[in-house]
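A.B. asks: dropping the sequence and predicted coords here.
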Protein chains: 4
Amino acid sequence: MVKKPWQGRFEEETSRILEDFSQSVTFDRELYPQDIRGSIAHARMLGRQGIISEEEAGRIIEGLEGILADLDSGQQPWDTALEDVHMNIEKILTDRIGEAGRRLHTARSRNDQVALDLKLYIRDASDALSRRVEEMLDILLTRAQEQAGTIMPGYTHLQRAQPVLLSHHLMAYFEMLRRDHGRFSSLGDSLDDSPLGAGALAGTPHPIDRTMAAAELGFAGITRNSMDTVSDRDFAAQFLFNAALCQIHLSRLAEEIVLWASAEFSFIALPDAFSTGSSMMPQKKNPDAAELVRGKAGRAVGNLTSLLVVLKGLPLTYNRDLQEDKEPVFDSFRTLAGSLEIMSGLMAGVVFQADAMETAADDGLLTATDLADYIAQKGLPFREAHEITGKLVALCLARGCGLKELALSELKQECGAIDEDVFDILKPGSSVERRNTPGGTAGKQVQRAMEEAREWLAKVRAD
Amino acid sequence: MVKKPWQGRFEEETSRILEDFSQSVTFDRELYPQDIRGSIAHARMLGRQGIISEEEAGRIIEGLEGILADLDSGQQPWDTALEDVHMNIEKILTDRIGEAGRRLHTARSRNDQVALDLKLYIRDASDALSRRVEEMLDILLTRAQEQAGTIMPGYTHLQRAQPVLLSHHLMAYFEMLRRDHGRFSSLGDSLDDSPLGAGALAGTPHPIDRTMAAAELGFAGITRNSMDTVSDRDFAAQFLFNAALCQIHLSRLAEEIVLWASAEFSFIALPDAFSTGSSMMPQKKNPDAAELVRGKAGRAVGNLTSLLVVLKGLPLTYNRDLQEDKEPVFDSFRTLAGSLEIMSGLMAGVVFQADAMETAADDGLLTATDLADYIAQKGLPFREAHEITGKLVALCLARGCGLKELALSELKQECGAIDEDVFDILKPGSSVERRNTPGGTAGKQVQRAMEEAREWLAKVRAD
Amino acid sequence: MVKKPWQGRFEEETSRILEDFSQSVTFDRELYPQDIRGSIAHARMLGRQGIISEEEAGRIIEGLEGILADLDSGQQPWDTALEDVHMNIEKILTDRIGEAGRRLHTARSRNDQVALDLKLYIRDASDALSRRVEEMLDILLTRAQEQAGTIMPGYTHLQRAQPVLLSHHLMAYFEMLRRDHGRFSSLGDSLDDSPLGAGALAGTPHPIDRTMAAAELGFAGITRNSMDTVSDRDFAAQFLFNAALCQIHLSRLAEEIVLWASAEFSFIALPDAFSTGSSMMPQKKNPDAAELVRGKAGRAVGNLTSLLVVLKGLPLTYNRDLQEDKEPVFDSFRTLAGSLEIMSGLMAGVVFQADAMETAADDGLLTATDLADYIAQKGLPFREAHEITGKLVALCLARGCGLKELALSELKQECGAIDEDVFDILKPGSSVERRNTPGGTAGKQVQRAMEEAREWLAKVRAD
Amino acid sequence: MVKKPWQGRFEEETSRILEDFSQSVTFDRELYPQDIRGSIAHARMLGRQGIISEEEAGRIIEGLEGILADLDSGQQPWDTALEDVHMNIEKILTDRIGEAGRRLHTARSRNDQVALDLKLYIRDASDALSRRVEEMLDILLTRAQEQAGTIMPGYTHLQRAQPVLLSHHLMAYFEMLRRDHGRFSSLGDSLDDSPLGAGALAGTPHPIDRTMAAAELGFAGITRNSMDTVSDRDFAAQFLFNAALCQIHLSRLAEEIVLWASAEFSFIALPDAFSTGSSMMPQKKNPDAAELVRGKAGRAVGNLTSLLVVLKGLPLTYNRDLQEDKEPVFDSFRTLAGSLEIMSGLMAGVVFQADAMETAADDGLLTATDLADYIAQKGLPFREAHEITGKLVALCLARGCGLKELALSELKQECGAIDEDVFDILKPGSSVERRNTPGGTAGKQVQRAMEEAREWLAKVRAD
């Protein structure tokens, strides 16, 4: 056999190399509150069922509570040689309470344990994100209510299209985030079923009471198939999707902040506290916070992709590839929580330049659609009304004026049905007010929408 | 100014180049049933509200029904010069019924129209996929019930770990797909709110009744904000995620089919009808169908990524980028529908080689965990039971035998608590039966799970 | 055994279901020119080596050339029952020339054949894209040369930062696309090695001459390992990456087009031919073409993701999953080729509004950095120069004026080293001209850069 | 104005919230060696050009060298309040050497500085990965050379297809990784052009010598356009793609390790040092290392996706979104470097079970293709030879024997051209040896391939 020069090194260093590569405690220790909570429920159940003695269960629980407190206060160090959060905590427990600690793992496997921990984490994370979304919803709504009368151009293709209320614009983001809230609040995808008791893959021969442990942990039920349970990460994928979509929503709002803060738009002034100045150019307030939030859509999508790639083609049941499920979840949670906080602060402090918005909305041709609708309401087919309006707009362009500067006679020349009342139609404010069906931009509709939103928000916050 | 040689070409060919690039009718015509259904509801509402006459509404509806029939039968050609499905249908309608056709677009914009069409399409697609999933669930369950007693090795890390029932293994996929069913059946994310009436972006000045049109189309309600409505594609992103996750599940089952059909596993024989033979090597039945399904996880993930990239950083409201929302949806739908059909056929016809599975399950060391649990139940801490078992397994390995071939005296030497009853423990069948808590692999549990599944399935199919 | 109601259907319909699902001829027929080219080279080599007779080789080649002509002219239909492009062509050939056609597949397998076809396709596609990129480079450069003196604001964070030349801005995109050109022109990743002769996976026992066939097809060499050859798709992944990155570059330019065409920027007027008007609002020229190009970045990234997911975790050698390699390649090619054509036309026709750009560049505080650099050049540490400038800018903001409106005495008060010559420094044009090191925005540098670009472009077009 | 309850909190906490959110020093400090190297070159150039005094340049360089040493030894702490690695180092420098430190940033901006740092990092990372790939290539080649005569089944569709040499199989991975080596070694995509001197976006008015600084840092040239320079991240995207593709290759090898280590294949025994045992089941050696490497393909693809999403639609020039470019690069580098190390160790230590492989290769029907080729070489059209072989295989299947167990008379009955020499053809070893064209699996070819590989490897390692 050929002498392998590299063999020596590998033999000597293997334990360290593989330990470093495969250990997860540097990141999965983030799960310690969930891991301990799960172990306490498990111990209590074991005691209740007589699988271990009630006294042992009591000592285990007391021990775990002490460890939790010490970890919370940063007094308990981690040992990467012990591989993961589970082994670390079990070792600390055994060091503290002795032999009883070695009974904790009865009727349990790391496979169902880690599924439980991650599910609990995602429940907590979703809950925290719901709260963050609510805070941001509150801010969006409050700002919308404040700005009740402000008119601005509504855009399609980033071209000014029709006048709308700024409140209506802000409430569009309220609706996006309300859907995000729905996703973070729902307990679909087995998030409400406890995995504990699935064992390594096949269940356990011990007379456990899965339902009791589940209830202790706040689950409504238990999972139905042990093999599926230890290999299922749907709930993590759904969480990553939820986070990615919410981050995409924030990237859209961030894009608008960047646009509005430009010299060209000048629709807002950024709050000092949420922009980055330059010691040299104090006039320059860079929308760094918004840009970062927009950029972080990248990692949110990347994290989702990452887990889907991991899952592709994996046979049953537990495969070590699944260790790769945690970091994307932690990262998307932190990223989104931070982004929501930043965007909330930004939206709370942004100063709307109502004058600039209203000037932009009053550019003279923005009510062309209103004119077409007006003509159609006089009885002409919509497509014909459309063509007439086109001719009148062309006349304005040739003359460099707005529609309302045309004489009635000129209007009548193109369409006899046009009357004096057309000039009301051509004002931005009138355009806004006429869009008075549910969901439209008329003040009354927006008012009603904001009221509904306020009630809904109060209700979900009370829950 | 420099003379531009390319300018000539562009000027001449522009209309064709841009038309080709921006037209969507070659793919969005897939939406025609939804587009016509939406237009019929819109026309009926316009008539009811007096925005057009009831008579005009009647002629429009009749005209649209005729077009639908002709499109269904393939008699009506498409014109790519008319850009998209909406313009095509409106043009055909006007050609057929005259001026009334030009009134159909009153109080509507392509922006709310296309949002409606896509939402209706996704509702239909989700419904169709629910049916396909149900069919596959039925097959999985039927096969699981057939194979009630068959024992096979359960795997972790693709290493034989513990004996399980084949039924239990199959039911793990039942659970995955049941979650998919839940996702396709839910009407979250505004899928149950009609976008019609949002207009171009701000609503409409016509006295429309959004709720009536919504009810006509089977929606429970209407969207709340017109600006959000025309730019929201959350429902499409969620659909693409649902499809990707289901396709990932199928890729996992496909991987197992590929493994099981290998000479090395020989756990199944592929049905002739669902494998690809070779004229030269008739013994070779390639699991092409399963490989294709596994590979198609790529496009499902790609389609999801695609839409998320499109949405990133888009300001309100409608931007033409959104035209890119349709092809991923169509492709993921077709891909998944086909994959479900293929995997259903494959699972229906696959022949399980129970003997090979049972031989693999009886490899003598697969019940080591049972031995550890047995010792723990005698009162030793689990971690200690674990170590004792390790020593006994090492003894087997040295001797080249299974655990059940060790003498009781040898067992007792390592652990006095071991008794004659241990030999029952060491049989695969006994290992399976002892995992008798909910979700476990014991026959009774699996039986109960299959009964619950059968009832649930009957119920959802009855809905 | 339980009676399976679905079994009947599957048995009857199987051949059709699986045929539909697994056939590829509906898309892989796009490979027919490459497939025929490859077969001709193979036949010629077989004849030369005496594996078939020269006469047979001649008849095969003649037959294939006839088929190519008929396919080019659309006279030869495809048969999906024949599964793929390879089987279709072989069948047509055999129908036309008889038994000799059945000898073509000697010493070849579909596995090396399809690898060859796809590699040839990607070579052709890369070449075509290089040409398209060159055309766009020509247009960018020509426009940059035309606009030699125009000054505009350079942006960071979408905030006006420093004055730059429009030519310099356009040449930034020239550099991006020049890198794309480099990627499409390079023949890395085995693109220059012929796969033909790898057989199904292990080579062939026939006395073939791989090098001869490779040379015939324009390859520099042959692949080195048959097993790798039939399972390698690196070249396709690299192509998809190249296309995605180029599409991302176009999305950036498209974003600028959208911004510049907005009423707020008004830096450009869109050419009629490359914008979408509205019959009702002729003033509205929507930048649809640019929006579509931006949106299509989604599918380019999606296609790349798709193939990477397919490849993940595939064991050697050929697996049917690889059939999923083609559609992403075709789609990314078509998408990018179309996007380059559209953006070329758009950039050729766009009208730059130099006045608006120059007004924006002259906003009075844009030369603050120049002032700081001026002070630093007088000998103060840069960070101190930075602070002094900050104070002066604050003074301007308080007074609502630009830096050049401050009196020399006021400037001197903050920094004694400031002299009369400072007022030259504060003009946009002077700011531009002073950035006179290679790569900088000074006219002389940009001129030199454009000359180098012109020479380089002429050279690559001549190759 | 409505009183905003949340406003108080935001005002008070803003600096901390935004600081936490936008700081990058917790991760970009990984760039400190590159940042200091870049600053030293910049200072030396400033001194040489007389922009600062030679004496100041000398003190700056000495100061930076001291900081580098202190950071290397962990003695210098970081301050997150100073935002990023650049500000930290500049502050430490100024604290140490006083006013001269404040001159270092002359003629430089953070925008060109960070582009430089990341480019240097990626050059270093690519170089390190090239070394790691070389090490793994050495191991693969050494193992292939050791196993020169071992025959195993070659697979398509995970079905045994034809006998091949194990060496040939291993060398397929050599070729994959050789391509990776090519990607990591090439300096395409402006990796060989120094960005330093691009300034914030437009260049600098100081009389710098970009070429001198570039040469000092080992670049061959300088970038051509300052605006492109500060916004270009192509080199990072290409690096992430290179890393993803290499990780995908490793995922394929990892899949094979997992398969081969299964009880069903038993083609290898995992080295103790690179598998994870179980204290309870010492017979169980889980291929955790391989599974982790396979799973990590997810993050590699995710990181690539992440950056592409960030870049989509960004206008020129620097936008803060670009801060998101670093973490994916760092993570993909670390992930791949670790994976290469682990797979190298695994492949170095794996024990090939030649007997099991050879038994699997000798399953009696694996040489069916050889029989068809043999018949074709007797002069029959290949497709006819194919059909005859099919009939003979069917006969074997009916009889439960291999092809070599058929009598000559039986063979002749199907095809008169078959002679006694056919039985040589039907042996696995003979099948292997007959595939004796370049790239084929015959011993001579594989030997030659290994020699070429050894020479090539020696050459690249010597460079």
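C.D. replies: Cool, got the structure. Residues are numbered from 1 along each chain as shown, chains lettered A, B, ... in the order given.

A.B. asks: can we go C-alpha only for contacts and neighbour counts from here?
C.D. replies: OK.

A.B. asks: in the stretch 201-350 of chain A, which spans are strands?
C.D. replies: Listed in chain order, the strands of the stretch 201-350 of chain A (DSSP state E, counting those that start in this stretch) span A:221-222, A:268-269.

A.B. asks: let me see the domain layout of chain A.
C.D. replies: Following automatic domain parsing, chain A resolves into domains at A:16-106, A:111-147+A:154-212+A:224-359, A:361-462.

A.B. asks: does chain D sit close to the last one?
C.D. replies: No - among the residues of domain A:361-462, none lie within reach of chain D under CA under 8 Å from any CA of the partner chain; the closest is 13.8 Å away.

A.B. asks: circling back to that earlier point, can you say which of the strands of the stretch 201-350 of chain A is packed in most?
C.D. replies: Highest mean neighbour count of those: strand A:221-222, a mean of 21 (counted as mean count of other CA atoms under 10 Å in any protein chain shown).

A.B. asks: parallel or antiparallel, list what pairs with it.
C.D. replies: According to DSSP bridges, strand A:221-222 forms sheet pairs with strand A:193-194 (parallel).

A.B. asks: centre of the chain to the partner strand, how far?
C.D. replies: 23 Å (CA atoms, centre = their mean, to the nearest Å).

A.B. asks: ok, now stretch A:203-223?
C.D. replies: The chain centroid and the centroid of stretch A:203-223 are separated by 30 Å under CA atoms, centre = their mean.

A.B. asks: what of stretch A:250-259?
C.D. replies: 15 Å.

A.B. asks: with stretch A:31-45 instead?
C.D. replies: 27 Å.

A.B. asks: kindly report the same for stretch A:380-394.
C.D. replies: For stretch A:380-394, the separation from the chain centroid amounts to 44 Å (computed by CA atoms, centre = their mean).

A.B. asks: you'd agree residue A:153 is in a helix?
C.D. replies: No - under DSSP: H, G, I helix; E, B strand; the rest coil, residue A:153 sits outside any helix and is assigned strand.

A.B. asks: circling back to that earlier point, among the domains of chain A, which is the most enclosed?
C.D. replies: domain A:111-147+A:154-212+A:224-359 (a mean of 23).

A.B. asks: now that one: average pLDDT?
C.D. replies: Summarised as a single mean, pLDDT over domain A:111-147+A:154-212+A:224-359 is 95.

A.B. asks: the helices in the stretch 201-350 of chain A, which residues?
C.D. replies: Ranges of helices within the stretch 201-350 of chain A are A:210-216, A:226-231, A:234-260, A:288-295, A:297-311, A:326-349, based on DSSP state H, counting those that start in this stretch.

A.B. asks: what residues does stretch A:160-172 touch?
C.D. replies: With CA atoms under 8 Å, 6 or more residues apart in numbering or on different chains as the test, stretch A:160-172 has contacts from A:140-141, A:143-145, A:147-155, A:361-362, A:366-367, A:369, A:428-429, A:431-432, A:441-443, A:446, A:450, B:201-202, B:225-228, C:262-263.

A.B. asks: ignore the last one, stretch A:346-366
C.D. replies: Under CA under 8 Å, 6+ apart, the answer for stretch A:346-366 is A:139-140, A:143, A:150-153, A:160-163, A:265-271, A:274, A:393, A:401-404, A:427-428, C:281, D:6-7.

A.B. asks: other SSEs contacting the lengthiest helix in chain A?
C.D. replies: Longest helix in chain A, counting residues (DSSP state H): helix A:110-146. Judged by 3 or more CA pairs under 8 Å, 6 or more residues apart in numbering or on different chains; DSSP states H and E, the packing partners of helix A:110-146 are helix A:32-48, helix A:166-185, helix A:226-231, helix A:234-260, helix A:326-349, helix A:443-462.
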